[in-house]
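Trainee: here's my sequence, what's the structure:
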Amino acid sequence: MTWPSRPGADAVDLTVVAVPAYFAAMGAEYLAQRRRLARGGAPAAGDYERRDTLASLAMGNLSLLAPFVVPRLLRPITPGRGRFAKAAVALAIGAAAVTTVADVIARRSSNSHRPELVGASHDATVSAPGTVEDARHSEGASTARRLASIGGVAAIAAGGVAITTAWGTALTPQKMWQRRLVPSLGNGPLALGAAIIGWDFIYYWNHRFMHTSRYMWAVHEVHHSSERYNLSTALRQPVADALGTALPYGLLCLFGIPPEAVATARGVNLIYQFWVHTEAIRRIGRAESTLNSPSHHRVHHGSNSQYLDRNHGGILIIWDRMFGTFEPEREPVVYGLTTNIDTFNPARIATHEYVDMARDIASSTGWTERLSYVLRGPGWAMRQRAAGA
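Mentor: Numbering: from 1, shown residues only. Below you'll find the model as predicted:
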């Protein structure tokens, strides 16, 4: 579950309206757990834990504020809107150029005192190890590497913000609506039904993309960071949606679905997903062949190897069945990340993947590696770090 920024600024946000129901359901779940424990039941990973619950609620509150605060902070450097946008783009280009030059210098400095890398001639221009010239080459390579580390992070950060903010600004539902390809479907049941199904289909692909590209995983990982699984986990939401490039839900507006219907579909989808974050409901019978359920979504939150990157659907599980990402719940689920962050600090929960990604970029020695740390899946990064350890 992840809660994208509101698609319709004038629409009522159903997820906010439902807040009292969220807390009522959480209270009922908590009381049921207490009764189970009082009857001698064993503690479970779905039980509420004060620090974990407070962290989830804190992230939920921050996620409600983020759509109002983050775009305003980023607006000055948003291409096409901000007064400093050209400077930000120039910074990205300049940093990329400096980094590229530094990469070349570092490679040449490192190789110039290694005869086996400069050919078989071993001529007099090659310095012997331990000489003053060799020390100069080593110092030059070290300086160039440091410069490439700083420049690589700066280029990707500045360029990434420019791309993601421009993406979000250009593809709003309102702008898509103005360019619609077919007449309006109105605001009746047909438009709402199409919006709900269409939203869920786009959500599936966006959710899947969040698990397979690291810069999107950095946004979404917040939601998977809890090692517990109860209704409060549903509220542990990301705050950095503006730093992603999700497939725009406004695409629905091109096909005659009004922005208001898209906003309503968002609310319906996310309210539905709230109740699947529980261990209190084991199965829902035959409906599980079509609908997402607590069982299906428990799998999605599992760090078990067979459960990784499975069951991405929001309301409907049929997308996972159709596109090969469905996995039934068989063995007990181990919740959390494959490498847990062991913190309840909201600031660290929100930023730790970005910090790790910056470190990986800084340690890279070329653009292929740098961009792979950003664009490829989080599993690739973990394997690379393990191979270099």
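Trainee: what comes up buried for the top helix by length along the chain?
Mentor: What stands out as the longest helix in the chain, according to DSSP state H, is helix 132-170. For helix 132-170, the neighbour count (16 or more other C-beta atoms under 10 Å) marks 134, 137, 140-141, 144-145, 147-149, 151-166, 168-169 as buried. Quick note: C-beta positions are derived from backbone N, CA and C, even for glycine.
Trainee: so Gly302 is in contact with Val334, correct?
Mentor: Yes - at 6.0 Å, Gly302 counts as touching Val334 under the criterion of C-beta atoms under 8 Å.
Trainee: these two: which is more packed in?
Mentor: Neighbours were tallied for Gly302 and for Val334 using other C-beta atoms under 10 Å; the higher tally belongs to Gly302 (23 against 14).
Trainee: what's around the nearest residue to the more buried one once chain neighbours are set aside, how many residues?
Mentor: Distances taken as C-beta to C-beta, 6 or more residues apart in numbering put Val333 closest to Gly302, at 4.1 Å, once the chain neighbours are dropped. Using other C-beta under 10 Å, Val333 has 21 neighbouring residues.
Trainee: so Val333 sits in a helix?
Mentor: No - counting by DSSP: H, G, I helix; E, B strand; the rest coil, one finds Val333 to be coil, located in no helix.
Trainee: wait, isn't it in contact with Arg228?
Mentor: No - with contact defined as C-beta under 8 Å, Val333 and Arg228 do not form a contacting pair (11.2 Å).
Trainee: can you list residues touching both of the two?
Mentor: Counting by C-beta atoms under 8 Å, 6 or more residues apart in numbering, the contacts common to Val333 and Arg228 are Ala45.
Trainee: centre of the chain to the longest helix of the chain, how far?
Mentor: 23 Å (C-alpha atoms, centre = their mean, to the nearest Å).
Trainee: state the next helix or strand along the chain beyond it.
Mentor: Downstream of helix 132-170, the first helix or strand assigned by DSSP states H and E is helix 173-178.
Trainee: now Thr343. Nearest residue, chain neighbours left out?
Mentor: Looking at Thr343 with C-beta to C-beta, 6+ apart, the closest residue is Ile349, at 6.5 Å.
Trainee: which helix or strand contains the one you found?
Mentor: Ile349 belongs to helix 346-363 when assigned by DSSP H and E.
Trainee: by contact count, what packs against that helix?
Mentor: helix 50-74, helix 132-170, helix 214-224, helix 367-375, helix 378-388 (3 or more C-beta pairs under 8 Å, 6 or more residues apart in numbering; DSSP states H and E).
Trainee: pLDDT (mean, whole number) over the helix or strand that the third one is followed by?
Mentor: Looking back up the chat, that one is helix 214-224. Downstream of helix 214-224, the next assigned helix or strand under DSSP H and E is helix 259-274. Mean per-residue pLDDT for helix 259-274: 96.
Trainee: and the helix or strand that helix 259-274 is followed by, what's its mean pLDDT?
Mentor: Scanning forward in sequence from helix 259-274 by DSSP H and E, the next helix or strand is helix 294-300. For helix 294-300, mean pLDDT rounds to 98.
Trainee: can I get helix 294-300 in PDB? Just the C-alpha atoms.
Mentor: Provided in PDB are the C-alpha atoms of helix 294-300 (Å, rounded to 0.1, in the frame of the first residue of the first chain):
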ATOM      1  CA  PRO A 294      -5.300 -10.000   4.400                       C
ATOM      2  CA  SER A 295      -3.700 -13.300   3.400                       C
ATOM      3  CA  HIS A 296      -2.600 -12.100   0.000                       C
ATOM      4  CA  HIS A 297      -1.200  -8.900   1.500                       C
ATOM      5  CA  ARG A 298       0.600 -10.600   4.300                       C
ATOM      6  CA  VAL A 299       2.600 -12.300   1.600                       C
ATOM      7  CA  HIS A 300       3.400  -8.900   0.100                       C
END
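Trainee: list the buried ones in the helix or strand following it?
Mentor: For helix 294-300, the following helix or strand on the C-terminal side (DSSP H and E) is helix 318-323. By 16+ other C-beta under 10 Å, the buried positions in helix 318-323 come out as Ile318, Trp319, Asp320.
Trainee: run through who's touching helix 318-323.
Mentor: By C-beta under 8 Å, 6+ apart, helix 318-323 touches Asp200, Phe201, Tyr204, Arg208, Thr290, His296, Arg310, Asn311, His312, Gly313, Thr325, Phe326.
Trainee: dump those to a markdown table, plus distance to Ala21 and neighbour count.
Mentor: Shown next, in a markdown table, are those (distance: C-beta to C-beta, whole Å; neighbours: other C-beta atoms under 10 Å):
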| residue | distance to Ala21 | neighbour count |
| --- | --- | --- |
| Asp200 | 21 | 20 |
| Phe201 | 26 | 17 |
| Tyr204 | 25 | 24 |
| Arg208 | 28 | 19 |
| Thr290 | 24 | 13 |
| His296 | 22 | 23 |
| Arg310 | 28 | 19 |
| Asn311 | 24 | 26 |
| His312 | 25 | 24 |
| Gly313 | 22 | 29 |
| Thr325 | 30 | 19 |
| Phe326 | 29 | 17 |
